[in-house]
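In: Make a model of this:
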Amino acid sequence: YVGATSVRRVVLGDNDVQPTPRQLEQMRQLVRQAMLDGAVGLSTSLEYPPAPYAKTEELVALASVAAQFGGIYATHMRSESTAILQSLDEVIRIAREAQIPVEIWHFKVAGKPSWGHMPEAVAKIEAARAQGVDIAADTYAYTAWGNGLSAFIPPWAHDGGTAKLLERLKDPAARERIRKDMLTPSDEWENEWQQIPSPESILIGQVQNPKLLPLQGKTIVEVAKLWNKDAIDTIFDLLIEDDAFTSVAVSGMSEPDVVLALQQPWVSIDNDSSGVSPEGILGREHAHPRAYGTFPRILRKYVREEHKLTLEDAIRKFSALPSQRLRLAGRGLLRVGMWADITVFDPATIRDLATFDNPNQLSQGMDYVLVNGVPVIDQGKMTGTRPGKVLRGPGYVP
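Out: Model prediction:
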């Protein structure tokens with residue numbers, strides 16, 4: 001994807017400003033070039049500054065360019081909690097006005113105040129689909145999400161970028177204003193502090209500052225005790241010490257909501273993680289267990305143990321459905337003439353091992369994996385071969 005926020009930063013920087021007509025055209029040209037270079041579509045992540053500064057009209061203008069090249073609009077919506085229905089309205093509006101298919105990334109109802117509202121979100125999407133809007137979604141099916149700890153800070157405090165954010169966290173007056181905003185329920189921004197059951201729900205994942213490595217795998221409450229501070233001051237000071245790099249896993253969803261999303265026929269599976277390894281430099285990170293366990297966990301938990309999905313449903317959500325959404329020709333099905341991307345496993349034994357306490361564990365039971373017809377896992381062992389190909393969007397011009 002070409003990131004709408006990346007395009008915005010190239011032209012406007014990290015500031016809370018709106019583009020002039022000339023600047024918007026510059027942004028549209030960047031999207032056009034990216035589509036010609038092979039991007040599959042336009043993506044947004046509207047919770048994380050500077051993305052929230054973009055108005056719907058800006059997003060429509062950029063998405064309409066991607067649409068001209070057969071692209072898709074994929075989005076981490078503006079809100080996944082108390083304002084989720086309004087956010088869905090925005091997504092549906094972008095789909096209609098830009099005339100583009102849309103994919104909602106990691107579809108969820110986040111935060112304790114919103115638990116139980118997944119049926120309403122599903123109903124709104126179903127209604128839009130019935131009216132001809134090409135809208136679908138994906139999920140990783142854990143009750144904890146993963147993001148940057150800085151997402152707990154209101155958008156205004158990010159205006160100008162990370163350096164300005166750190167300045168404000170060190171300024172007593174600004175710091176007090178940030179605290180007040182976090183403690184005040186609001187639909188004006190995605191207030192994660194109001195979503196969590198307690199600070200115990202925040203687990204430290206990756207840090208950048210080597211001095212903070214011992215904190216990986218601890219909760220904010222545990223760090224607060226170590227530092228003799230309250231939880232909010234701990235968040236502020238951890239961001240300062242780590243240059244706002246810290247990532248966290250946040251337990252803030254209900255299992256019934258997760259299951260309902262998973263069961264929708266238009267929801268495929270993602271793992272929402274960067275690349276990981278239990279060895280080397282990546283093995284020092286404390287990843288979200290979804291990085292290692294998402295797909296085997298669905299086969300174990302939701303297919304084999306709980307019977308929430310059939311095996312056929314799960315495989316379709318892993319393969320055919322996402323391939324179709326991304327317009328990947330020749331992928332996602334076992335069929336003569338298609339690329340031989342094949343996994344061979346025993347559905348009775350495949351299982352995830354990664355946990356929140358000990359995430360860096362490979363799953364068990366994936367016996368063979370072929371990419372483009374070449375084994376990359378053979379009898380459960382990596383072969384070291386790299387037969388992958390770069391996949392480009394339909395607008396690609398060599």
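
In: going forward, measure contacts and count neighbours with C-alpha atoms only.
Out: Noted.

In: Surely Ile178 touches Ile153?
Out: Yes. Under the contact definition of Cα atoms under 8 Å, Ile178 touches Ile153, with a separation of 6.8 Å.

In: okay, now the domains of the chain?
Out: 2-140+254-268, 147-251, 289-382 (the TED database).

In: Kindly reformat those as TSV containing distance to Arg392, mean pLDDT and mean neighbour count.
Out: Formatted as TSV, the domains of the chain follow (distance: least, Cα to Cα, whole Å; pLDDT from 0 to 100; neighbours: other Cα atoms under 10 Å):
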stretch	distance to Arg392	mean pLDDT	mean neighbour count
domain 2-140+254-268	4	97	20
domain 147-251	27	96	18
domain 289-382	8	96	18
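
In: any chance of the ones you listed in JSON lines, plus distance to Val397?
Out: Putting the domains of the chain into JSON lines (distance: least, Cα to Cα, whole Å) gives the following:
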{"stretch": "domain 2-140+254-268", "distance to Val397": "5"}
{"stretch": "domain 147-251", "distance to Val397": "34"}
{"stretch": "domain 289-382", "distance to Val397": "16"}
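
In: Of all those domains, which one is nearest Gly275?
Out: Gly275 lies closest to domain 289-382 among these, at 7.5 Å (Cα to Cα).

In: What separation is found between the N-terminal and C-terminal residues of that closest one?
Out: One end of domain 289-382 sits 21 Å from the other (Cα to Cα, to the nearest Å).

In: Does anything pack onto the one helix or strand Arg22 maps to? Which helices or strands?
Out: When secondary structure is defined by DSSP states H and E, Arg22 falls within helix 21-36. Helix 21-36 sits against strand 2-3, helix 4-12, helix 56-68, with contacts defined as 3 or more Cα pairs under 8 Å, 6 or more residues apart in numbering; DSSP states H and E.

In: which residues touch the shortest one?
Out: Outside strand 2-3, the residues that touch it by Cα atoms under 8 Å, 6 or more residues apart in numbering are 31, 34-35, 39-44.

In: cool, and stretch 255-269?
Out: Contacts of stretch 255-269 (Cα under 8 Å, 6+ apart): 107-109, 115-119, 122, 136-143, 295, 308-309, 316-318, 321-322.

In: Just checking the distance from that stretch to the centre of its chain.
Out: 15 Å (Cα atoms, centre = their mean, to the nearest Å).

In: Stretch 69-84 now?
Out: Worked out by Cα atoms, centre = their mean, stretch 69-84 lies 10 Å from the chain centre.

In: same thing with stretch 341-352?
Out: 25 Å.

In: And that stretch, end to end?
Out: Terminal-residue distance, stretch 341-352 (Cα to Cα): 21 Å.
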